[in-house]
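**Student:** Have a look; sequence and predicted model below, questions after that.
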Protein chains: 2
Amino acid sequence: MKPERADAARNRTKVLAAAADLFAAKDPRAVTMDDIAKAAGVGRGTLYRRYPDVASIAVALLDEHETALQQGLMSGPPPLGPGAPPAERLAAFYTAMADLLETHGHLALATETGGRRFEIGAYGFWRAHVLSLLRAASVPAPEALADTLLAPLAPEVFTYQRAQGLSLEEVKTALTRLTTVLISS
Amino acid sequence: MKPERADAARNRTKVLAAAADLFAAKDPRAVTMDDIAKAAGVGRGTLYRRYPDVASIAVALLDEHETALQQGLMSGPPPLGPGAPPAERLAAFYTAMADLLETHGHLALATETGGRRFEIGAYGFWRAHVLSLLRAASVPAPEALADTLLAPLAPEVFTYQRAQGLSLEEVKTALTRLTTVLISS
DNA sequence: AGTTAAACGGACACGATGTCCACTTATCTT
DNA sequence: AAGATAAGTGGACATCGTGTCCGTTTAACT
C-alpha cells in the first residue's frame, strides 16, 4: 500500500496528542469523538476516517506499550521471557501488567467502553500466555483457570483498588501470591 | 411513608415484567429506557419517576435473589452460613455465586452499564464477606486479596467463560480451587 | 502548471437521555 | 356520594453523541 499523505500524518499526530491529553484530564470513559475532534482542531469526518470509535484511539495510544510487553514475554530475558520456571514467569507477568496498568491505566479504561474487554486482541494474547504457563506447570483444567486468573487484571479492578488507597505494592503481592500458590500446590 | 397507590403498583408490575422479558430477549446492555416504556405501555415520565436508569431496573429485578443469598451467608446453614471453616464457607460462596450468575447472569450484566460494578451495594457486601473469611483464616494482607478474588465473579467474565464453551462445573472448580488453595497454604 | 485521487470538514438524520408540566385518577374527607 | 387534594401519568421538548454523506481542498505525481 501507498505511503501516508503528509496532511494525513499531521492530523493523525494531532488527534493522538489531543486524545492523550483528554484521556489523562478526565474520566476516559466520558471522552467523546466530538471532544477529540474539537481538541485536535479536526473535522468529525476526518476523525471517523481513521478511527471507528473512541476505544480504537485508546488502543492506538496503548499499542506500543502493549507490544513492548508482548515482546518481553516472547523473547525477552527471564523471568518475564522464556527460561525461568512457570511460576516465576507468571509472577513476573503479573508484576509487569500491574506496572503497565499503573502508568497507563486510564488508557486501558478507555479501551473498554462497553463489554469489549474480551474482543480486543491483547486479551487473547494474555490468555494464551497464561494458558501455556499453566500447562507447562501441569496445572489441571487450565482453560477455566486462565480467564479466572486474568480477571483481577481488568483495568476497572486495578484502578478501583488503587483508588481505595491500596498501594501498588500491595496489589502486586496479592496478584503474585495468587499465581505462586496456585502453581506450587 | 404512605402506602403505594393502586395505579402506581399496577404500573410497577407492568414495568418489571416488560423489563424482564426484554433483558432475557436481547443483549441486556442494549436495552434502553424507551424500549422498556414502550414494552410496558407506559409513558417515559412514569418510568423515570421510579427508576433513574436501566441499571436500577435490573437491580430491582435481581434484588430478591441477591438478598436471599445474603441471608444464606449471614444466617443460613453451613457451609454457606456460619459454622463451617472459612475455606469451606468461601468455596460455598463461590459456588452459590456461580449458580446465581448462571440463572440470572443477563440481569447482572444489565446492572453494570458503565463501570458501576463497585458502586453497587451488593459489591460492598460480597467484599465484606470475603474479607471477614480471609481474616478468620489468618490470610496475610487480606484487603488487596478481597478485590482480587472477587474479580472473577464479574458477570462479564462468567458469561464470557460460559459462552466460550466452558461448563458450569468447570468454572466452579476453577473458582473454588482458587479459594481453597489460597487459604490452606 | 495541470491532473488526479486521497483527505478534509461540516451539515445532516437518527436515536437515546432526562426534564417539565398540563392532565388524569386514586384516596381521603365530611 | 361529591368534592378536595395530592400523587401519579404521559408525551412533548431540548440536548447530546453517533455515524454518514458529499462538496471542497490539497498533496503528490507528470
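**Tutor:** Here it is on my side, so go on.

**Student:** use CA for all of it now, contacts and neighbours both
**Tutor:** Will do.

**Student:** quick one: the residue nearest the centre of chain A from A:Ile183, how far?
**Tutor:** Note on chain A: the residue nearest the mean C-alpha position is A:Ala108, at 5.3 Å, using Cα atoms, centre = their mean. Going from A:Ala108 to A:Ile183 by Cα to Cα, to the nearest Å gives 28 Å.

**Student:** could you give the mean pLDDT of the host helix or strand of A:Asp21?
**Tutor:** In this assignment (DSSP states H and E), A:Asp21 forms part of helix A:6-25. Helix A:6-25 shows a mean pLDDT of 97.

**Student:** Any part of it near chain B?
**Tutor:** No - with Cα under 8 Å from any Cα of the partner chain as the criterion, chain B is not reached by helix A:6-25; the gap is at least 15.8 Å.

**Student:** Centre of the chain to that helix, how far?
**Tutor:** Helix A:6-25 sits 20 Å away from the centroid of its parent chain (Cα atoms, centre = their mean, to the nearest Å).

**Student:** what about that helix and DNA strand C, touching?
**Tutor:** Yes - residues of helix A:6-25 are located near DNA strand C by Cα under 7 Å from any atom of the strand, namely A:Asp7, A:Ala8, A:Ala9, A:Arg10, A:Asn11, A:Arg12.

**Student:** Which PyMOL command selects the buried ones in those residues?
**Tutor:** Restricted to buried positions by 16 or more other Cα atoms under 10 Å in any protein chain shown, the PyMOL selection for the residues of helix A:6-25 next to DNA strand C reads:
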select buried, chain A and resi 11+12
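
**Student:** Looking at the residues of helix A:6-25 next to DNA strand C, spot the one nearest DNA strand C.
**Tutor:** Nearest to DNA strand C among the residues of helix A:6-25 next to DNA strand C, counting by Cα to the nearest atom of the strand, is A:Ala8 at 3.2 Å.

**Student:** following the longest helix seen in chain A, which helix or strand comes up?
**Tutor:** Longest helix of chain A, by residue count under DSSP state H: helix A:86-110. With elements assigned by DSSP H and E, the helix or strand that comes after helix A:86-110 is helix A:121-136.

**Student:** Show residues contacting the helix or strand just after that following helix.
**Tutor:** Next helix or strand after helix A:121-136 toward the C-terminus (DSSP H and E): helix A:142-150. In this structure, residues lying in contact with helix A:142-150 by Cα atoms under 8 Å, 6 or more residues apart in numbering or on different chains are A:126-127, A:130-131, A:134-135, B:152, B:157, B:161, B:166, B:170-171, B:174-175.

**Student:** list the helices and strands the helix-or-strand element of chain A with minimal mean pLDDT packs on?
**Tutor:** When the helices and strands of chain A are scored by mean pLDDT, DSSP states H and E, helix A:168-184 comes last with a mean of 93. If you count contacts as 3 or more Cα pairs under 8 Å, 6 or more residues apart in numbering or on different chains; DSSP states H and E, helix A:168-184 packs onto helix A:86-110, helix A:155-163, helix B:142-150, helix B:168-184.

**Student:** what's the least confident stretch among those?
**Tutor:** helix B:168-184 (a mean of 93).

**Student:** Just the angle for that helix relative to helix B:142-150, thanks.
**Tutor:** Angle of helix B:168-184 versus helix B:142-150, following axes from the mean of the first three to the mean of the last three Cα atoms, to 10 degrees, is 170 degrees.

**Student:** Can I get helix B:168-184 in CSV, CA atoms only?
**Tutor:** Only the C-alpha atoms of helix B:168-184 are listed here, as CSV (Å, rounded to 0.1, in the frame of the first residue of the first chain):
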residue,chain,number,x,y,z
LEU,B,168,-20.7,-24.5,34.7
GLU,B,169,-18.9,-27.2,36.6
GLU,B,170,-15.6,-26.3,35.1
VAL,B,171,-16.0,-22.7,36.0
LYS,B,172,-17.0,-23.6,39.5
THR,B,173,-14.0,-25.8,40.1
ALA,B,174,-11.6,-23.2,38.8
LEU,B,175,-13.2,-20.7,41.2
THR,B,176,-13.2,-22.9,44.3
ARG,B,177,-9.7,-24.1,43.6
LEU,B,178,-8.6,-20.5,43.8
THR,B,179,-10.0,-20.2,47.3
THR,B,180,-9.1,-23.5,48.9
VAL,B,181,-5.5,-23.3,47.7
LEU,B,182,-5.2,-19.8,48.9
ILE,B,183,-6.5,-20.4,52.4
SER,B,184,-4.9,-23.8,53.1
